[in-house]
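S.K.: Give the three-dimensional model of this entry:
(one chain, ligands or ions: 1)
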Amino acid sequence: MKLPNFPDKPYQLKNFIGNEFIQASGAEFEIHSPHYGKVIGTGKQTTSSDLENMVSKAKQAQIAWGNTPIKERTIVLFNLREVLIRRCDEISEMVSLENGKTLTEARAGLMKGIEVLEFALSIQNLDTGAQMEVSRGVTCAYRREASGIVANITPFNFPAMVPMWTMPIALVLGNAYILKPSDKTPLTASLLAEAFQEAGLPSGLLAVAHGGVDTVNAIIDHPEISAVGFVGSTKIAQIVYERASKNGKKILALGGAKNHIILLPDADPEVSGVGISDSFTGCAGQRCMAASVLLAVGEVGDQIAKIKSRAESLVLGSDMGALISSEQVEFLKDAISKAEAAGAKIILDGRNVKAPENCQSGYWLGPTIIEISDQNSEVATKELFGPILTIYRCDSLSQALEIENKNPYGNACSVFTTSGGLAEEVIQKSKAGMVGINIGVPVPREPFSFGGIEASKFGQGDITGANSLLLWSHHKKITTKWQMQKDHNWMS
Ligand code: NAD
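M.R.: Residues are numbered from 1 along each chain as shown. Next comes the predicted model:
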């Protein structure tokens, strides 16, 4: 088993500003390793005056960057791709250390971030604008312009991938960009900043502002920051969305999820066994796309047996990582115990797992499968964010769809079946923003955009792909006439 190395000395986290690493001046906070359950570093919160300094550097740098042709801006991203591939192991090790993921999962997250970068590289060719002669001698055209200074606030669960959902796209479009990473997993952001620096991004265009609530509020209240992306829990997404909207900013805030998987009796047991087990146990269930509720329609005993056998075979540390905090482990154990006390059957119990060697103080919970008879129970309706699959038996596909559609979230829904007709029915009738057919984690690959609906997303557009361009830029509309028109009409 390969776990990330415990650091020889604690990390001293610093902000990134004007191509330098500088200590913020606010209150101190600790950074933990979930595998080892120990402090691995400390950081300081970014105050309003720290932010002011970043914004003034960003403002100067953005003017020149915004006036640089996109083909030149793109060269930095080509360089960045090489740097990230070369430093992939180092970055993945840091993701794993501070987040608790396995090294394989950490690497996969970074690779997905690199895929977004590749989409950003292609914007220069995909987005050439539009021009049309709308009247004799009169043309209309779109010219894309950067939003200016933009910011992005990210969650703990993908320290490299979620920042990389937006950094390459926003920067290639000509913006200056401020990243506020999760204060639980902030260390990876320093490596990403180093990579951009190594790739030749001009000074001032990328800043990293560490901190929590106060730093986020300073960002969304700052009058010079014009657009904000947020990814995190629904409760905070809504707070940030409302505050940023009141301040007149463009804002897209992605929230939490409660994803359903519909398992039909004709599903291939191998495909569904692996797909569903890996969906709820991957990243220890700390993914907004993780399977959370299994709506088992009809006779699906063989398929459930396969899900269970794969989940119980996982080795903690190498196949499944740790949870983000001891509080989260306690919250999840409590949710399992409450369900059990209310009559749920615990089919697989992860509460008393053995931690990997040298990781006894870490934050561990094994894969857990619970079968409930009350579809409104907490484990079936509340986002748990851990390796727990709640099974509810349904009489029909219609009943399963009704349950899926009445949940307040709208991130992902998948169906496992061998029938194209039934799959199509789920595509048409499920309300989720992202639907999977025989895929446990239906994350769209670039250039297809990522985003849910309802309580999983506040704002317009999506966070990646073509649907994200209007968050980080706008179209200037230009109407041109160089000569007197011969035919006079209402435009003349
Ligand atoms: P979180 O909402 O606690 O934190 C997200 C960010 O908001 C962090 O940077 C944090 O420092 C900041 N923050 C925390 N409290 C705040 C407050 N009161 N005011 C302003 N900012 C605040 O989320 P998390 O625990 O880091 O991440 C897990 C959550 O993120 C889950 O709900 C998961 O579903 C969701 N998530 C969603 C997506 C998606 O694409 N929809 C992707 C990843 C994670």
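S.K.: and the closest residue to the ligand within the chain, backbone torsions?
M.R.: Per C-beta to the nearest ligand atom, Gly232 is where the chain lies closest to the ligand, at 2.6 Å. C-betas here are computed from N, CA, C, even on glycine. Main-chain dihedrals, Gly232, degrees, to the nearest 10: phi 180, psi -150.
S.K.: quick one: what helix or strand has Ile324 in it?
M.R.: Secondary structure from DSSP states H and E places Ile324 outside every helix and strand.
S.K.: Within range of the ligand, give me the residues from the chain.
M.R.: Within reach of the ligand by C-beta under 6 Å from any ligand atom, the chain has these residues: 153-157, 162, 180, 182-183, 212-213, 216, 231-233, 236, 239-240, 254-257, 288, 383, 385, 411, 452, 456.
S.K.: Generate a ChimeraX selection restricted to the buried subset of those.
M.R.: To isolate the buried ones among the residues of the chain next to the ligand in ChimeraX, judged by 16 or more other C-beta atoms under 10 Å, type:
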select :153,154,155,156,157,162,180,182,183,212,216,231,232,233,236,239,240,254,255,256,257,288,383,385,411,452,456
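S.K.: Among the residues of the chain next to the ligand, name the ones in helices.
M.R.: Using DSSP state H, 162, 213, 216, 236, 239-240 are the members of the residues of the chain next to the ligand that sit in helices.
S.K.: hang on, the earlier thing: so which of the residues of the chain next to the ligand sit within strands?
M.R.: Counting by DSSP state E, the residues of the chain next to the ligand place 153, 180, 231, 254 in strands.
S.K.: Farthest pair within those?
M.R.: Lys180 and Leu254 (14.6 Å; C-beta to C-beta).
S.K.: what helix or strand is Leu97 on?
M.R.: Using DSSP H and E, Leu97 falls in helix 88-99.
S.K.: Could you chop this protein up by domain?
M.R.: 11-255+456-476, 259-437 (automatic domain parsing).
S.K.: all strands for the stretch 151-300 of the chain, in order.
M.R.: Counting by DSSP state E, counting those that start in this stretch, one finds strands in the stretch 151-300 of the chain at the ranges 176-180, 206-208, 225-231, 250-254, 259-263, 291-297.
S.K.: Throw those into JSON lines and include mean pLDDT, thanks.
M.R.: Supplementary listing: the strands of the stretch 151-300 of the chain in JSON lines, determined by pLDDT from 0 to 100:
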{"stretch": "strand 176-180", "mean pLDDT": "98"}
{"stretch": "strand 206-208", "mean pLDDT": "98"}
{"stretch": "strand 225-231", "mean pLDDT": "98"}
{"stretch": "strand 250-254", "mean pLDDT": "98"}
{"stretch": "strand 259-263", "mean pLDDT": "98"}
{"stretch": "strand 291-297", "mean pLDDT": "98"}
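S.K.: from memory Gly174 sits against Glu72, does it?
M.R.: No. The pair Gly174 / Glu72 is not scored as a contact, 10.6 Å apart, by C-beta atoms under 8 Å.
S.K.: Those two: who's more crowded?
M.R.: Legend: neighbour count by other C-beta atoms under 10 Å for Gly174 and Glu72, higher for Gly174 (24 against 10).
S.K.: can you count the residues close to the closest residue to that one other than its chain neighbours?
M.R.: Closest residue to Gly174 apart from its sequence neighbours, by C-beta to C-beta, 6 or more residues apart in numbering: Ala146 at 3.3 Å. Residues lying near Ala146 (other C-beta under 10 Å) number 23.
S.K.: and if you look at Phe78?
M.R.: Counted with other C-beta under 10 Å, Phe78 comes out at 13.
S.K.: check contacts around it.
M.R.: Neighbouring residues of Phe78 by C-beta atoms under 8 Å, 6 or more residues apart in numbering: Leu121.
S.K.: and it, what pLDDT?
M.R.: pLDDT recorded at Phe78 is 97.
S.K.: repeat for Trp165
M.R.: 98.
S.K.: which residues does it contact?
M.R.: 113, 116, 231, 450, 463-464.
S.K.: Tabulate those residues (JSON lines), appending secondary structure.
M.R.: As requested, the contacts of Trp165 are exported to JSON lines (DSSP: H, G, I helix; E, B strand; the rest coil):
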{"residue": "Gly113", "secondary structure": "helix"}
{"residue": "Val116", "secondary structure": "helix"}
{"residue": "Val231", "secondary structure": "strand"}
{"residue": "Phe450", "secondary structure": "coil"}
{"residue": "Ile463", "secondary structure": "coil"}
{"residue": "Thr464", "secondary structure": "coil"}
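S.K.: Serialize those residues to CSV and add fields for distance to Glu299.
M.R.: Conversion of these to CSV gives the following (distance: C-beta to C-beta, whole Å):
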residue, distance to Glu299
Gly113, 42
Val116, 41
Val231, 39
Phe450, 35
Ile463, 39
Thr464, 39
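S.K.: How many neighbouring residues does Asp395 have?
M.R.: Asp395 - counted by other C-beta under 10 Å - has 9 other residues nearby.
S.K.: now Lys345
M.R.: 12.
S.K.: Look up the residues forming beta bridges with it.
M.R.: Beta bridges link Lys345 to Glu371, judged by DSSP bridges.
S.K.: Could I get the pLDDT score of it?
M.R.: 98.
S.K.: Starting from Ile304, give me the distance back to it.
M.R.: According to C-beta to C-beta, to the nearest Å, Lys345 stands 12 Å off from Ile304.
S.K.: Need the overlap of contacts for these two.
M.R.: Shared contacts of Lys345 and Ile304 (C-beta under 8 Å, 6+ apart): none.
S.K.: which ones are touching Lys431?
M.R.: So Lys431 contacts 404-405, 410, 413, 453-454 (C-beta under 8 Å, 6+ apart).
S.K.: In ChimeraX, how would I select just the buried ones from those residues?
M.R.: In ChimeraX, a selection of the buried entries from the contacts of Lys431 looks like this (16+ other C-beta under 10 Å):
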select :404,410,413,454
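S.K.: Export the contacts of Lys431 to CSV and append columns for pLDDT.
M.R.: Below are those laid out as CSV (pLDDT from 0 to 100):
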residue, pLDDT
Glu404, 97
Asn405, 97
Gly410, 97
Cys413, 98
Ile453, 97
Glu454, 98
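S.K.: Can I get the contacts of Lys431 in a markdown table including distance to Ala120?
M.R.: Shown next, in a markdown table, are the contacts of Lys431 (distance: C-beta to C-beta, whole Å):
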| residue | distance to Ala120 |
| --- | --- |
| Glu404 | 33 |
| Asn405 | 34 |
| Gly410 | 27 |
| Cys413 | 29 |
| Ile453 | 25 |
| Glu454 | 28 |
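S.K.: which stretches of this structure have low pLDDT?
M.R.: Flagging of the chain using pLDDT under 70 yields the residue ranges 1, 485-488, 491-492.
S.K.: what residue lies at the spatial centre of it?
M.R.: By C-alpha atoms, centre = their mean, the chain has its centre lying nearest to Val162, at 4.2 Å.
S.K.: surely that residue meets Val231?
M.R.: Yes. The pair Val162 / Val231 is scored as a contact, 5.2 Å apart, by C-beta under 8 Å.
S.K.: list residues touching both of those two?
M.R.: 154-155.
S.K.: Looking at the domains of the chain, spot the one closest to Asn5.
M.R.: domain 11-255+456-476 (7.3 Å).
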